[in-house]
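Asker: Quick one, fold the following:
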Amino acid sequence: MKLSSHYNKVSIIVTLSVLFFGAVIYFFAINNIAESLHDDHLSEEVAEVLEYINLNKQLPKQRDFDEDQIKFSKLKSTHIATRFYDTVYNNPRVNINRAGRAVEGSLVFKGDLYKFNIVISKESTEYLLQLIATITLTLIAALLLVLFLTNRYLLKDLWKPFYRILYKIKAYNVLEIEELQLTPTKVNEFKELDNAVYVMSKRVKHDFQNLKHFTENASHEMMTPLAVITSKLDTLIQDETLKQEQLDQIHDIYSAAGKLSRLNQSLLLLVKIENNLVGDIEQLNLDRLIDIKTRQFQEVLLSKDIQVTTALASKEITCSKYLIDILLNNLFSNAIRHNTANGKILIKLSNSQLVFQNTGLSIPLNNETVFDRFEKGKTSDGIGLGLTIVKNICNSYNWDLDYIFTDSLHTFIVKFR
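Answerer: Next comes the predicted model:
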C-alpha cells in the first residue's frame, strides 16, 4: 500500500471517529437543552395553573390551556414531590400518539389535596432535532467527500517530487557520464531527500570509477608478471639437465600460475558482467551455438568416453555473443569436469529454457550455495567461479538459473524471459 493510501486511511479513520463522537455528544447536548426548555415551559404552566386557581377560585378545565393536557385527581395521602418525565402525548385533533413531556405534583384547593399532571407535546422539538441531525449528517458526508477528494487529487501533486526522485533513483546508471539532476520542489523534506540522493550518486560514481580503474590496472599488472613466470617456466621445462623431482616442482608452479591467471581473468569478467560493461548485443541462434560448442569439446568428450545427447529446438536470443560463449563454455566444462567415465550429458533446448544434465556423484549439490563464489566440490580442480559467472550472465539478461538433482542426474536449467 502506498504512503498516500496509508495517510488517507488514517486521516479518514481519525476524522470519522472525531465526527462520530462529536455528533453523539452534540446530539445529547441538544437533547438535554430541548428537555430543559420543555421543563421550563412546564414550570411556567404550573405557575399559570396556580395563578388561575388563585384568581378564579376553581380548578381549570382543558379548554383553558389550549393543547396542553392537564388532569387533576384527589389525593388521600400527603403531598408528592414535583417531577418531570417523558410520556406519550395524544393529539386530540388527529388522535395520534406523539412523544411528550409531563410534570406532576400536588396542590391544595379548598382544603383538599389534589395531584396535578400536565403533558405537553414534544413534536416540534423532535422535528427540530431531526432537522439538526439531518443537517449534521449532511455536513459530515460533505466534509468526508471534500477530504477524500482533497487527499485523492489535490494532495496527489504534493507527492510528485517524491515520485520523480524515486524514478531517477530507479533509472540511475553509474556508467552514465551525466550527473543526477536536482528535482525542483518547495517541500523541505523532499529537498533534503533530493540533495542526499544527489550526494550519494556522486559518491557512488566516484567509488565505482576508482574500483573500475583499480580492477583494470590490477588485472593488467598481474598479467605481465604471470606471463613472465609462464615463459620462464616453459624455458626451464625444456632444460634436459633437470632432475625429475625438479621437473615435478616446476610443473606444480606452472599449474599454480595457470590457475592464478584463470582466476584473474574470471574475477575481471565478473566485474564486467556485474557492471554491464559488456555491450556487444546481437541476434544469435542459440541452437547453432550449442552445436558448434559440442564439436569444440568433442576431443575432450572422447577422451573421457562421455556420450552427449542433444534435443535442440530453434531458439533466437538477443545478447552478447561473448557472454553466451562463456556461458556455454562453463556449462560444458562443469558437465565434463564433474562427470564420470563412460558418463553422459543431455542437452535440451526449447523456446522457454535450456537444460544441461550430466551424470556424476550420486549426492546432490547444495542448492543454496551451488552458485556462490569459490564454491566447488572436494575433488574439483577448478577455481570455483564457473557457475557464479553463469549465474551473473543469466541475471544480466533477467533469466532464471536453477539446479535440481533428478533421476541421478545433475540438472542446470536456464529459463528465458
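
Asker: contacts and neighbour counts: CA atoms only from here.
Answerer: Noted.

Asker: Tell me where the stretch 1-150 of the chain is predicted with low confidence.
Answerer: Counting by pLDDT under 70, the ranges of the stretch 1-150 of the chain that qualify are 1-4, 62-67, 91-94.

Asker: and with 80 instead?
Answerer: Within the stretch 1-150 of the chain, the segments meeting pLDDT under 80 span 1-9, 11-12, 61-68, 76-78, 90-98, 111, 123-126, 128-129, 147-148, 150.

Asker: helices or strands up against the helix or strand where residue 254 lies?
Answerer: In this assignment (DSSP states H and E), residue 254 forms part of helix 244-274. Counting contacts by 3 or more CA pairs under 8 Å, 6 or more residues apart in numbering; DSSP states H and E, helix 244-274 packs against helix 188-237, helix 386-396.

Asker: the inter-axis angle of it versus helix 188-237?
Answerer: 160 degrees (axes from the mean of the first three to the mean of the last three CA atoms, to 10 degrees).

Asker: which residues in this protein form helices?
Answerer: 3-56, 123-149, 160-171, 188-237, 244-274, 286-296, 298-303, 321-337, 386-396 (DSSP state H).

Asker: so where is the stretch 201-350 of the chain shaky, pLDDT-wise?
Answerer: In the stretch 201-350 of the chain, residues with pLDDT under 80: 207-230, 232-243, 246-248, 250-252, 254-280.

Asker: mind running it again at 90?
Answerer: 201-284, 293, 297, 299-305, 317-327, 329-330, 333-342 (pLDDT under 90).

Asker: And the pLDDT at the nearest residue to residue 197 once chain neighbours are set aside?
Answerer: Excluding the flanking residues, the one nearest residue 197 by CA to CA, 6 or more residues apart in numbering is residue 169, at 7.8 Å. Predicted confidence (pLDDT) for residue 169: 80.

Asker: and residue 169, how many residues sit next to it?
Answerer: Residues near residue 169, counting by other CA atoms under 10 Å, number 15.

Asker: now do residue 51
Answerer: Neighbour number of residue 51 under other CA under 10 Å is 12.

Asker: Can you tell me how far it is from residue 109?
Answerer: 12 Å (CA to CA, to the nearest Å).

Asker: same thing with residue 257?
Answerer: Residue 257 sits 131 Å away from residue 109, taking CA to CA as the criterion.

Asker: So for these two, which sits in the more crowded spot?
Answerer: residue 257 (18 against 15).

Asker: Excluding sequence neighbours, find me the nearest residue to the more buried one.
Answerer: residue 226 (6.6 Å).

Asker: same question, residue 322
Answerer: Residue 322's closest residue in space is residue 280 (CA to CA, 6+ apart), at 7.7 Å.

Asker: what do you get for residue 402?
Answerer: Nearest to residue 402 is residue 413, by CA to CA, 6+ apart, at 5.2 Å.

Asker: Kindly report the same for residue 417.
Answerer: Nearest to residue 417 is residue 399, by CA to CA, 6+ apart, at 5.9 Å.

Asker: Phi and psi next, for the one you found.
Answerer: phi -100, psi 160 (degrees, to the nearest 10).

Asker: and it, what does it touch?
Answerer: 414, 415, 416, 417 (CA atoms under 8 Å, 6 or more residues apart in numbering).

Asker: wait, doesn't the third one sit right on residue 352?
Answerer: Yes: assessed by CA atoms under 8 Å, residue 416 is found in contact with residue 352 at 5.3 Å.

Asker: Noted, bye for now.
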